[in-house]
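> Return atomic coordinates for the entry below.
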Amino acid sequence: MSRRIEMFLIATLVAGIAAGMFCLILAARSRQQIAAAQAPVTTRYEQPIPSPIAQTQASKAGPSIRVAVIGGMVFTGFWNALAERYQAETGVRVELIAAGPKNDIINIFKKGGVDVITMHSSDAMINLVADGCTLDPQPWMRNDLVIVGPPDDPAGIQGMTDAAAALKKIADTRSPFVVHSSLGAQEVLLSILEPNQIQLDPARATVLFDDPQRSVLKVAGDKHAYTLVGRIPFRSGRLPNNGLVLMVQGDPRLRRPYLVAVTDPRWMPGAHITDARRFAAWLRIPRTQAWIAQFGKGTLDAGPVFFPVTVRDSD
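Modelled structure (predicted):
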């Protein structure tokens, strides 16, 4: 083999290796970009963002309340519409300080400058009360979970509205099931399984220990399994479905309550406690609950985005 041919082959080999490495780098960067785009976003607003009505009246001095809320209330447009209604009725501005996943907004809340916090009922929320940070946690709204699964539906549950009957079919057919690490989702699942004496096959059940809902959908898709996931992020497309499709929705037992709590002024001097209490109470009055029951109907599906709670008039 001539020297010229040897040099050509070596150059070709080096170029091939370089091209391969370049492709690997591009693939890795693409995966990072996709993951970043899909990651849950927590936003802390250094300059609090009031509702549009408040923005147009920014020059007018007046009372305000500063809030930290779970992210789903913001990206659905719900929180903005709620804040507009409250300001229109009361003249009090609702300033959004932070929105995002539960643990992130708690960390921001603990840095101060927030009068009201609202998120799912959980130990984390109650611990804020136990730690002397908040007062009077009250339920005021619900969201819901849905059962999703593989398109071929080995348990034959698609279209059912009775979650207990669907879970029994999953158990009877020994279909794989992935359990979300969220204690709230686990509590909803157990509240249906236990009273109905349903036991998922331990050999076919996978329990996750990391919290993001994206993980549960990926694992369920990879395992050809069913799982529970939030209706809002699944229906809105904010969660990649990994080939899973909606199976069961509409059972009230799949709903989870949100709590609202006000900042204890003894923990954070300067908290707008009077306005915060009025706002928390307003969230639970009948006309607000009636509005919640209608908000967003027809956007995700035929139902509202969120669900009201039952509030009894005090004697």
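> tell me which element Val148 is part of?
Here Val148, judged by DSSP states H and E, is contained in strand 134-149.
> Next: Thr227.
strand 226-230.
> quick revisit: with just CA atoms, put the strand holding Val148 into CSV.
Provided in CSV are the C-alpha atoms of strand 134-149 (Å, rounded to 0.1, in the frame of the first residue of the first chain):
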residue,chain,number,x,y,z
THR,A,134,-48.5,30.5,59.0
LEU,A,135,-52.0,30.6,60.5
ASP,A,136,-55.5,29.1,59.7
PRO,A,137,-54.9,26.7,56.8
GLN,A,138,-58.3,26.3,55.0
PRO,A,139,-59.4,24.2,52.0
TRP,A,140,-60.7,26.3,49.2
MET,A,141,-60.4,24.4,45.9
ARG,A,142,-59.5,21.0,44.4
ASN,A,143,-57.7,19.7,41.4
ASP,A,144,-57.8,16.0,40.3
LEU,A,145,-55.8,13.1,39.1
VAL,A,146,-56.5,10.7,36.2
ILE,A,147,-55.5,7.2,35.5
VAL,A,148,-53.4,6.8,32.3
GLY,A,149,-52.0,3.8,30.6
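> Spell out, range by range, the helices that occur in the protein.
All helices of the chain, identified by DSSP state H, fall at 3-38, 52-56, 71-75, 78-90, 102-109, 123-130, 163-172, 183-193, 213-222, 231-236, 273-283, 286-292.
> Just give me the residue closest to the centre of the chain.
Gly72 (5.2 Å; CA atoms, centre = their mean).
> So it versus Thr288, what's the distance?
For Gly72, the distance to Thr288 equals 18 Å [CB to CB, to the nearest Å]. To be clear about C-beta, it is placed using only N, CA and C from the backbone, and glycine gets the same treatment.
> For Pro257, name its beta-bridge partners.
As for beta bridges, Pro257 partners with Arg142 under DSSP bridges.
> what's the neighbour count on it?
Residues lying near Pro257 (other CB atoms under 10 Å) number 16.
> separation between it and Val309?
Taking CB to CB, one finds Pro257 at 6 Å from Val309.
> Any chance you could list residues touching both of these two?
Taking CB atoms under 8 Å, 6 or more residues apart in numbering as the contact criterion, the common neighbours of Pro257 and Val309 are Pro139, Trp140, Met141, Arg142.
> Please work out which helix or strand belonging to this protein has the smallest mean pLDDT.
helix 52-56 (a mean of 35; mean pLDDT, DSSP states H and E).
> Out of the helices of the chain, point me to the one whose mean pLDDT is lowest.
Among these, helix 52-56 has the lowest mean pLDDT, at a mean of 35.
> Just the CA atoms of stretch 281-291, as PDB, please.
This file holds the C-alpha atoms of stretch 281-291, laid out as PDB (Å, rounded to 0.1, in the frame of the first residue of the first chain):
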ATOM      1  CA  ALA A 281     -62.000  34.300  53.500                       C
ATOM      2  CA  TRP A 282     -63.100  35.600  50.000                       C
ATOM      3  CA  LEU A 283     -61.700  32.500  48.400                       C
ATOM      4  CA  ARG A 284     -64.300  30.400  50.300                       C
ATOM      5  CA  ILE A 285     -67.400  32.500  49.900                       C
ATOM      6  CA  PRO A 286     -70.200  31.100  47.700                       C
ATOM      7  CA  ARG A 287     -69.800  33.400  44.700                       C
ATOM      8  CA  THR A 288     -66.100  32.700  44.500                       C
ATOM      9  CA  GLN A 289     -66.800  28.900  44.700                       C
ATOM     10  CA  ALA A 290     -69.400  29.200  42.000                       C
ATOM     11  CA  TRP A 291     -66.900  31.000  39.800                       C
END
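> Go through that stretch and flag the buried ones.
Applying a neighbour-count criterion of 16 or more other CB atoms under 10 Å, one finds Trp282, Leu283, Arg284, Thr288, Gln289 buried in stretch 281-291.
> just curious, which of those is nearest to Val67?
Distance to Val67 across the buried residues of stretch 281-291 (CB to CB) is lowest for Leu283, with 10.9 Å.
> can you tell me which residues contact the closest one?
Leu283 neighbours (CB under 8 Å, 6+ apart): Gln138, Trp140, Met141, Val260.
> Alright, that wraps it up for me.
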